[in-house]
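In: Can you look at this prediction? I've put the sequence above it.
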Amino acid sequence: MLKGRHLLDPMDFTTSEIDEILELGGEISKNPEKFSKACQGKILATLFYEPSTRTRFSFEAAMLRLGGQVIGFSEPNSSSVAKGESIADTIRTIACYADIAVMRHPKEGAPRVAAMYSSIPVINAGDGGHQHPTQTLTDLLTIKSLKGTLSNLTIGLCGDLKFGRTVHSLIKAMSRYENNKFILISPKELKVPDYIKKEVLEKNNIEFLEVERMEDVIGKLDILYMTRVQRERFFNEEEYLRLKDSYILDKAKLKGAKEDMIILHPLPRVNEIAVEVDEDKRAKYFEQAKYGMFVRMALIMKLLGVEVC
Amino acid sequence: MLTVNSIKNGIVIDHIKAGLGIKIFKMLGLDKIDSAVCLLMNVPSEKLGKKDIIKIENVVDIDLTILGILDPNITINVIKDEVIVEKKKFELPERVENVLNCKNPRCVTSIEKYIDHVFYLVDKEKGEYRCMYCDEIYTLSEV
Ligand SMILES: [Zn+2]
């Protein structure tokens, strides 16, 4: 049962619960009209303690498309929070007005604190560099919708694999489905942390490969998940210059890729995907944003226990 | 060597890491109880080199679970009529509240002062605990 639950960590839900959300998300994506009144009379509160326009719009659009209403703040300066109100008091008050709450907070674990004091479902919309579970759901629905499955896939993750939590969550989530393989493309300074390799990949006997250059492996991939590599993350300038182009996807590199490979990116991108790639039919990162809204619609419905016949 | 009479009834907390005895003495509030109590410090020990020992006369109902966190090597003997009736070794508790503090500056506990600091055991052998809020992992030997 997902009704009344919180979503704080991408692993809070079992695969069958996630599948339930993805199934509904898929249905919504095919026929959004049918769900336009699903949450009529319901209110979503968006509590954004730091600005994140993209994520907030996605949640607000999701609720509005379900026929619900939205209240909230987009930065703490303008609210009672600025006067020093505790998270516990804020959520207890909000729970009197709204049916479900979304929280973005710079401190790790803040949404968990809110959940402890909340009588309504709380969704973590990013807590510092800690967790961002609806991004993971977005990635899963995108993959499932575009590839038709979450199994038997070779997933290439490219860029900063050390600090990117999105990447870690996606590896954990995709590891729960059968027969997936990972190709981890990053400079050696930005490799996936050991605990992911040991506790997720090796522990579950999942095949993976670590490489430095995208060109060498792009032909094997069903999915290419791009992330940003920041210059500051390199230890020396020489390495940066030697490798920087390996982490920028352009038309030339795409020549070696499968026809049905899909390119994903959590957005916003900076320069890691050349603009010329946007017109390629394999570029799916804007569509991914759309699936992000659909999966949030599904999540809201499930947590509220709303159904449409 | 300094000797202290063995007790008839009570508890002996043994194999305390040298130096930790006085801290435990205070944590358990032994400076405030009526019974006869003694703290032995820097006693020679085969296993530890040096150790501390605490003996408490006539009292058996003190909550000692906190000791496992401080030092899992500690042993406890419950004594009745000069005979050891129970020897306890510590198991690290699965969940501890307000004993450890999260030191991660990015953790929500750094700003919301009213919440309990809660940790869950992740690795018994290594003595690793994870903060319930930020997932930061701490090893007991470092805290
Ligand atoms: Zn913490």
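Out: Sure, I can see it.

In: By average pLDDT, which secondary structure element in the chain comes out worst?
Out: I went with chain A, as the question did not name one. Using mean pLDDT, DSSP states H and E, helix A:237-243 stands out as the lowest-scoring helix or strand of chain A, at a mean of 80.

In: I was after chain B.
Out: helix B:66-70 (a mean of 75).

In: That one: what's the following helix or strand?
Out: strand B:75-80 (DSSP states H and E).

In: Paired strands for that following strand, with orientation please.
Out: Sheet pairing of strand B:75-80 (DSSP bridges) gives strand B:10-17 (antiparallel), strand B:83-89 (antiparallel).

In: List of residues touching the shortest one?
Out: Which is strand B:83-89. Residues from elsewhere that reach strand B:83-89 (C-beta atoms under 8 Å, 6 or more residues apart in numbering or on different chains): B:Leu64, B:Thr75, B:Ile76, B:Asn77, B:Val78, B:Ile79. All C-beta atoms are positioned from the backbone trio N, CA, C, and that covers glycine.

In: low-scoring pLDDT stretches of the chain, where are they?
Out: By default, I'm working from chain A. By pLDDT under 70, the low-scoring segments of chain A are A:78-80, A:82, A:234.

In: Wait, chain B was what I had in mind.
Out: B:1-4, B:143.

In: all strands for it, in order.
Out: Per DSSP state E, chain B carries strands over the ranges B:10-17, B:37-45, B:49-57, B:75-80, B:83-89, B:95-97, B:118-123, B:128-131, B:137-139.

In: Could you measure from the residue in the stretch 101-250 of chain A positioned nearest to chain B over to A:Tyr177?
Out: Scanning the stretch 101-250 of chain A for proximity to chain B using C-beta to the nearest C-beta identifies A:Gly109 as nearest, at 2.6 Å. A:Gly109 is 28 Å from A:Tyr177, where distance means C-beta to C-beta, to the nearest Å.

In: Neighbour count: these two, which is higher?
Out: A:Gly109 (29 against 18; other C-beta atoms under 10 Å in any protein chain shown).

In: export the strands of chain B to TSV and tack on distance to A:Val81 and mean neighbour count?
Out: Formatted as TSV, those follow (distance: least, C-beta to C-beta, whole Å; neighbours: other C-beta atoms under 10 Å in any protein chain shown):
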stretch	distance to A:Val81	mean neighbour count
strand B:10-17	45	21
strand B:37-45	48	16
strand B:49-57	48	19
strand B:75-80	48	16
strand B:83-89	48	11
strand B:95-97	27	13
strand B:118-123	24	17
strand B:128-131	23	21
strand B:137-139	29	15
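
In: one step back: of all the strands paired with strand B:75-80, which one is nearest A:Lys188?
Out: strand B:10-17 (40.2 Å; C-beta to C-beta).

In: what's near enough to touch the residue in chain B positioned nearest to chain A?
Out: Closest to chain A within chain B is B:Tyr133: 2.6 Å, counting by C-beta to the nearest C-beta. Applying C-beta under 8 Å, 6+ apart to B:Tyr133 gives the contacts A:Glu108, A:Gly109, A:Ala110, A:Arg112, A:Val113, B:Cys102, B:Cys107, B:Val108, B:Thr109, B:Ile115, B:Val118.

In: My guess is the fourth one contacts B:Val118. True?
Out: No. Contact status for A:Arg112 versus B:Val118: not in contact, 9.9 Å apart, counting by C-beta atoms under 8 Å.

In: okay, and the common contacts of those two?
Out: Counting by C-beta under 8 Å, 6+ apart, the shared contacts of A:Arg112 and B:Val118 are B:Met132, B:Tyr133.

In: one step back: next, find the distance separating the residue of chain B closest to chain A from A:Ser246.
Out: Remark: distance between B:Tyr133 and A:Ser246 (C-beta to C-beta) = 37 Å.

In: where does chain A come near chain B, residue by residue?
Out: Proximity of chain A to chain B, by C-beta under 8 Å from any C-beta of the partner chain, involves residues A:86-88, A:105-110, A:112-113, A:116, A:127-130.

In: among these, which ones are buried?
Out: Among these, those classed as buried by 16 or more other C-beta atoms under 10 Å in any protein chain shown are A:86-88, A:105, A:107-110, A:112-113, A:116, A:127-128, A:130.

In: Please tabulate those residues in CSV, including the columns distance to B:Val37 and secondary structure.
Out: Formatted as CSV, those follow (distance: C-beta to C-beta, whole Å; DSSP: H, G, I helix; E, B strand; the rest coil):
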residue, distance to B:Val37, secondary structure
A:Ser86, 41, coil
A:Ile87, 43, helix
A:Ala88, 40, helix
A:His105, 47, strand
A:Lys107, 43, coil
A:Glu108, 42, strand
A:Gly109, 40, coil
A:Ala110, 44, helix
A:Arg112, 41, helix
A:Val113, 40, helix
A:Met116, 39, helix
A:Asp127, 46, strand
A:Gly128, 46, coil
A:His130, 45, coil
